[in-house]
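A.B. asks: Take this sequence and fold it.
(chains A and B)
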Amino acid sequence: MNLEQVSPYLWRIPRDAGRGMRVPALVVADRALLDLIRRDASLEQLANGATLPGIVRAALAMPDIHQGYGLPVGGVVATDAEHGVVSPGAIGFDINCGVRLLATPYQATDVGPHVRPLVDALYAAVPTGVGATGGIRLEGPELSAALEGGARWAVERGWGDAADLDRLESSGCLPGADAEAVSPRARERGARQVGTLGSGNHFLEVQVVDEVYDEARAREFGLSVGQVTVMIHTGSRGLGHQVCTDFLALTGQALKRYGIHVPDRQLACAPLDSPEARRYLAAMRAAANFAFANRQLLAHWTRDVFRRVLGDGALRVVWDVAHNIAKEEEHEVDGRRRRLLVHRKGATRAFPGQPVLVPGDMGRYSFVLAGTEAALRETFGSTCHGAGRVMSRTAAVKAARGRRIADELAAGGVVARATGRDALAEEMPEAYKDVQHVVDVVHRFGISTRVARLRPIGVIKG
DNA sequence: ATGTAC
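C.D. replies: Presented below is the predicted three-dimensional model:
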C-alpha cells in the first residue's frame, strides 16, 4: 500500500481512482505502530472504505486499527447525511459495544484484602460467556420498551439512578430507534441477554487509578490517584449481532438496485434516503439502546455487590461511551458546516472536554482521556478505542499452552475469573499491543489528551 | 463480537 507521511503522526494513502477511491485515506500512527498495522489487510480495507458513496474528506484510521469485517476495526467513515450511504459493516457486528466507568469512594488500601471476595461476588452476579443468559427475561412490549428507551428504560424500572443518565453518551438512549425494525430472530436472541457480559474482549474490571496526567480534568471527572474504579466493557450481545447479519443481507441485495459498486461485499451499503437505510438505522439505534440498557444493568448489579462486600459507599458513573456506532452529527468540512453520518467502528467520540474511555489489556492498563478541538478538525471528533491485538486468538492459545495465565495475572496483582476454557489465554496481555503506546500517539497528535491511567486488580471475563 | 456452521 502506497503510504505518504503527512506529519509525525499522520499518514496518507492517496486517492486512487483506479480502485474506486472517492477520497484519500488517513492513518493516525507512528512508525512503530504502522509496522504492526501493515502486517494485516487493514489498510486495504481502509482504502475500500474510501469508495463508499458520499464519503466526506477521507477514510480515517485510528492507531489501534486492525483487520475487521469490511471496514477495519479502528476505522472512521463520515458520509453526507443526504447524499451518502450507511454501511452495517462499517459499524460492526457488536453494535454499541462500549465502555462504562464507575468511580467508587474507596481507596486501593480499603479494597486490597477484599479483592478476591469482590471478584467472586461479581462473577456470581454477572452472567458471563458466549451465549450467556440469565440477566433478565424480556417479553414483547417490555423488550420493545428497552430497545427504544435504552439506559432510561432500566433506570425507570429501578436499575440505577436518574443522575446516571447525565453521564452517558447520548444520555444512554439514541432517538430514532424503532423496535419494529428489529427482526423476530434478533429479538429472540436478545430476550434473555440483557444484563449479561458476553465473551471475547468483554470484561468487568476492578481497577485503581495509578497515575493522573491532568489534575484539573481528573478532578472534573471525579478521579484521583489511589481511587478504585470499575470498568464495564460489553455491547448488544446476540441481538446486535443478528441486526448486523440481517441488514448485511438486505443491503447486499440492494446494491444492484441502487447501482452501487463496492470492492468488498462486506462493505454493502444503502443510500441514506432509501427504505433499507432508514430501517437499518432504526434497528441499529434499537440495538445501541439495548447495549446502553445492558451496561446500566451490569452497573446496577456491580453496585449491589460493592454494597454487600464493602458497605454503603456510592458508585458514581464517570462516563459511558459507544465504540461501534453511526451517529448523525454536524461537522465543518472545508469551511462549511455539513450534516454527516459518522460511522465509528472501534473508535470513540472525542468531542472537546468529553471523557474518552480506552480499555487496554487485563494485565496492564486502561486509560481515561479527554476529547479536543483538534479531534473535531482532524477526525470528525474521534479517537482510538483500545490497544488492538498483536496475536490472533488461536496464536494466543498456542502461546499460552502449558502456562497458567490466571496464576501469572495473580502474580502481577490481578485476580481473574473467566467462564470459557481458553478465555484468559485468548485475552492474555501479550496478545495485545501496549495501550500506553496507542494512547501516547493520540495524545501527541492531539485528538485526545491523557487524563488518568487505570491499573486492573480484579477482572471477570466470558 | 457471535447459539465461533442454519
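
A.B. asks: how about stretch A:415-435, does it reach DNA strand B?
C.D. replies: Yes. Using C-beta under 7 Å from any atom of the strand, stretch A:415-435 comes into contact with DNA strand B via A:G420. From N, CA and C alone the C-beta is placed, and that goes for glycine too.

A.B. asks: list the helices and strands the helix or strand containing A:E220 packs on?
C.D. replies: Using DSSP states H and E, A:E220 maps to helix A:215-221. Under the contact criterion of 3 or more C-beta pairs under 8 Å, 6 or more residues apart in numbering; DSSP states H and E, helix A:215-221 touches strand A:366-371, strand A:448-461.

A.B. asks: right, so of those, which gets closest to DNA strand B?
C.D. replies: Closest to DNA strand B of these, according to C-beta to the nearest atom of the strand: strand A:448-461, at 8.8 Å.

A.B. asks: Kindly point out the strands partnered with that closest one and how each is oriented relative to it.
C.D. replies: strand A:203-212 (antiparallel), strand A:366-371 (antiparallel), strand A:415-418 (parallel) (DSSP bridges).

A.B. asks: Just say which of these is most tucked in.
C.D. replies: strand A:366-371 (a mean of 26; mean count of other C-beta atoms under 10 Å).

A.B. asks: after that strand comes which helix or strand?
C.D. replies: helix A:373-379.

A.B. asks: Flag every buried residue along that next one.
C.D. replies: With burial defined by 16 or more other C-beta atoms under 10 Å, the residues of helix A:373-379 counted as buried are A:374-376, A:378-379.

A.B. asks: just stretch A:309-321 next, same as before
C.D. replies: Those would be A:309-310, A:315-321, for stretch A:309-321 by 16+ other C-beta under 10 Å.

A.B. asks: what's near enough to touch the closest residue to DNA strand B within the stretch 51-200 of chain A?
C.D. replies: Proximity to DNA strand B, evaluated over the stretch 51-200 of chain A using C-beta to the nearest atom of the strand, is greatest for A:G200 at 1.8 Å. Shown in contact with A:G200 (C-beta atoms under 8 Å, 6 or more residues apart in numbering): A:130, A:426-427, A:462.

A.B. asks: Let's see if you can find the most crowded of those residues.
C.D. replies: A:E427 (28 neighbours; other C-beta atoms under 10 Å).

A.B. asks: Go ahead and confirm it touches A:K461.
C.D. replies: Yes. Look at A:E427 against A:K461 with C-beta atoms under 8 Å: they come within range, at 6.3 Å.

A.B. asks: what's the overlap in contacts for the two?
C.D. replies: A:203, A:362.

A.B. asks: Could you check how far stretch A:14-27 is from the centre of its chain?
C.D. replies: When C-alpha coordinates are averaged (C-alpha atoms, centre = their mean, to the nearest Å), stretch A:14-27 and its chain have centres 26 Å apart.

A.B. asks: so how many other residues sit close to the closest residue to A:V414 other than its chain neighbours?
C.D. replies: Using C-beta to C-beta, 6 or more residues apart in numbering and skipping residues adjacent in sequence, the residue nearest A:V414 is A:P456, 5.1 Å away. A:P456: 28 surrounding residues under other C-beta under 10 Å.

A.B. asks: Looking at the buried residues of helix A:373-379, spot the one nearest A:L46.
C.D. replies: Looking at the buried residues of helix A:373-379 and their distance to A:L46, the nearest is A:T379, at 13.4 Å (C-beta to C-beta).

A.B. asks: residues contacting that closest one?
C.D. replies: Contacts of A:T379 by C-beta under 8 Å, 6+ apart are A:28, A:60, A:62, A:76, A:350, A:447.

A.B. asks: Of those residues, which belong to helices?
C.D. replies: Judged by DSSP state H, helices contain none of the contacts of A:T379.

A.B. asks: Rebuild the residues you listed as TSV, extending it with neighbour count, pLDDT and distance to DNA strand B.
C.D. replies: Formatted as TSV, those follow (neighbours: other C-beta atoms under 10 Å; pLDDT from 0 to 100; distance: C-beta to the nearest atom of the strand, whole Å):
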residue	neighbour count	pLDDT	distance to DNA strand B
A:V28	30	98	21
A:L60	29	98	21
A:M62	31	98	16
A:V76	29	98	18
A:A350	30	98	21
A:I447	30	98	23
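
A.B. asks: got the contact list for the helix holding A:E220?
C.D. replies: Outside helix A:215-221, the residues that reach it (C-beta under 8 Å, 6+ apart) are A:103, A:209, A:212, A:224, A:318-319, A:355, A:368, A:370, A:449, A:451-452.

A.B. asks: And for stretch A:328-337?
C.D. replies: By C-beta under 8 Å, 6+ apart, stretch A:328-337 touches A:56-57, A:78, A:81, A:338-342, A:376-377, A:380-381.

A.B. asks: near DNA strand B, which residues of chain A show up?
C.D. replies: A:69, A:93-94, A:97, A:130-131, A:185, A:188-189, A:193, A:198-202, A:234-235, A:237-238, A:241-242, A:420, A:462.

A.B. asks: could you flag which of those are buried?
C.D. replies: A:69, A:93-94, A:97, A:189, A:193, A:198-202, A:234-235, A:237-238, A:241-242, A:420, A:462.

A.B. asks: Show only the entries of the residues you listed found in helices.
C.D. replies: Filtering these for helices - DSSP H - leaves A:189, A:237-238, A:241-242.

A.B. asks: Specify which member of the residues you listed is nearest to DNA strand B.
C.D. replies: When those are compared against DNA strand B (criterion: C-beta to the nearest atom of the strand), the nearest one is A:G238, at 3.3 Å.

A.B. asks: List the contacts of the spatially most central residue of chain A.
C.D. replies: What sits nearest the mean C-alpha location of chain A, by C-alpha atoms, centre = their mean, is A:H323, with 2.6 Å. Taking C-beta under 8 Å, 6+ apart as the criterion, A:H323 is in contact with A:96-99, A:344, A:346-348, A:385-386.

A.B. asks: Just give the nearest non-adjacent residue to it, would you?
C.D. replies: A:H323 sits nearest to A:H385 (C-beta to C-beta, 6+ apart), 4.4 Å away.

A.B. asks: Next up, the contacts around the closest residue to A:D94 other than its chain neighbours.
C.D. replies: Using C-beta to C-beta, 6+ apart and skipping the chain neighbours, the partner closest in space to A:D94 is A:G235 (4.0 Å). If you count contacts by C-beta under 8 Å, 6+ apart, A:G235 has them with A:94-98, A:198, A:202, A:291, A:294, A:324.
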